[in-house]
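Participant: quick one: sequence plus predicted model below, questions after.
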Amino acid sequence: MAYWLLKSEPDSYSFAQMQHDRRTAWSGVRNHQAANNLRAMQPGDLAFFYHSNTGREIVGVVEILRTAYPDPSDASGKFVMVDVGKPVPMPQPIGLAEIKTTPALRDLPLLKQSRLSVMPIGGREWQTLCKMGGFKTLGVKR
DNA sequence: GCCAACGTTGGC
DNA sequence: GCCAACGTTGGC
């Protein structure tokens, strides 16, 4: 099982909307590196939900429910999307500023590749972030 | 609102 | 194939 981070601008799609929808297709990715990450996802993988631009914090966790399939919003047919769902809010959202000042998270792609919208998270970093976010264990309560 | 990072486009 | 111009993302 792998861990990921998904970015979304809350003005276009917020975690509150995610909680309302329960499940959604993660469409609109138009960057090849991000698309390759989508292709590597497996059902059961978990992903942090990060609010970019407005908020700049990790606000929750979602589960990957379906492997990559063609994104109908892409006319070229090259880009893909996955289905995500089962949103769980973070007891304590983790701000970007806090992430930046945590030595164990120094190598997060979030800090190094600020424009990448879908990125992998290492198991150790996942654990650190879950702890910071107020989850009691690595397993997320549902 | 500004600007850095970075991807894409198009002229040569 | 190189590189300048331009557009977009996202932090500040």
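Facilitator: Great, that's in hand.
Participant: CA only for contacts and neighbour counts going forward, please
Facilitator: Will do.
Participant: enumerate the residues of chain A near DNA strand B.
Facilitator: For chain A, the contact set with DNA strand B under Cα under 7 Å from any atom of the strand comprises A:30, A:31, A:32, A:112, A:113, A:114, A:115.
Participant: now the two most distant members of these.
Facilitator: The span of these, defined through Cα to Cα, is set by A:30 and A:112 at 19.3 Å.
Participant: which one of those two has more residues nearby?
Facilitator: Between residue A:30 and residue A:112, residue A:30 has the larger neighbour count (other Cα atoms under 10 Å), namely 14 against 10.
Participant: check which helix or strand covers the more buried one.
Facilitator: Residue A:30 belongs to no helix or strand when assigned by DSSP states H and E.
Participant: show me the contacts for the nearest residue to it once chain neighbours are set aside.
Facilitator: Residue nearest to residue A:30 in three dimensions, not counting chain neighbours: residue A:79, with 6.6 Å by Cα to Cα, 6 or more residues apart in numbering. Shown in contact with residue A:79 (Cα atoms under 8 Å, 6 or more residues apart in numbering): A:29, A:30, A:32, A:35, A:70, A:71.
Participant: so for the spatially closest residue to residue A:11 that is not a sequence neighbour, what's the pLDDT?
Facilitator: Distances taken as Cα to Cα, 6+ apart place residue A:54 nearest to residue A:11, at 7.6 Å, with adjacent residues excluded. Looking at residue A:54, its pLDDT reads 92.
Participant: now do residue A:73
Facilitator: At residue A:73, the model reports a pLDDT of 87.
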